[in-house]
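1. sequence plus predicted model, see below.
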Amino acid sequence: MTDHIDPDAVLIQHETEHPADIEVPSVDPIPVVTVGSVAVEEILPQHVALRTFVLTTDNPYKQLLALDPLRVRATLLALDDDVVLTSSRAQAMSPANLEATLAAPDGAVLPKSFPVSLDTVGEVWATAPTGTYPARVAVYMTRRTL
């Protein structure tokens, strides 16, 4: 059974009654022109993970990012001093990365206070040169949510 609306029923609160002799001016339609196609991209749900790593004399290297197929982007920021970024633990342990001058690092130098964004699902390690401890590295990561 369906409910039928009675046209003679009392008006509800937000409606108003108008006399039938009011003239309503005509309105010209707004012209619409299609210029081209619009690309539509599905956006997958995402969330942010935030962390700060501390490199010390006892542990001068740490894994900042693990292998993660759901990672979209990660931004790394050395807070206290320059650090060396590498793609493996073995590379992070290189004696060249521990030299205070970083004359010939085995990896990429991440300068202090200069954020670097990486679009990678691979692992990333950081090593702090001798004499710069403690060295903090902030990680801002965006991941897809399943």
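-> Right, received. Where do you want to start? Not measured: the values here are computed from a predicted model.
2. what sits against the residue lying farthest from the centre of the chain?
-> For the chain, the largest distance from the centre (C-alpha atoms, centre = their mean) belongs to residue 21, which lies 59.5 Å off. Remark: with contacts taken as C-beta atoms under 8 Å, 6 or more residues apart in numbering, residue 21 is in contact with nothing. Backbone N, C-alpha and C define where each C-beta goes, glycine included.
3. and it, which of the three is it?
-> Following DSSP: H, G, I helix; E, B strand; the rest coil, the label given to residue 21 is coil.
4. let me know the pLDDT of it.
-> Residue-level confidence at residue 21 comes out at 73, pLDDT.
5. give me the nearest residue to residue 93, chain neighbours excluded.
-> In space, not counting the residues next to it along the chain, residue 93 is nearest to residue 61; the distance is 6.1 Å by C-beta to C-beta, 6 or more residues apart in numbering.
6. and the one you found, how many neighbours?
-> The tally of other residues near residue 61 (other C-beta atoms under 10 Å) stands at 21.
7. try residue 53
-> Applying the criterion other C-beta under 10 Å, we find 19 residues in the vicinity of residue 53.
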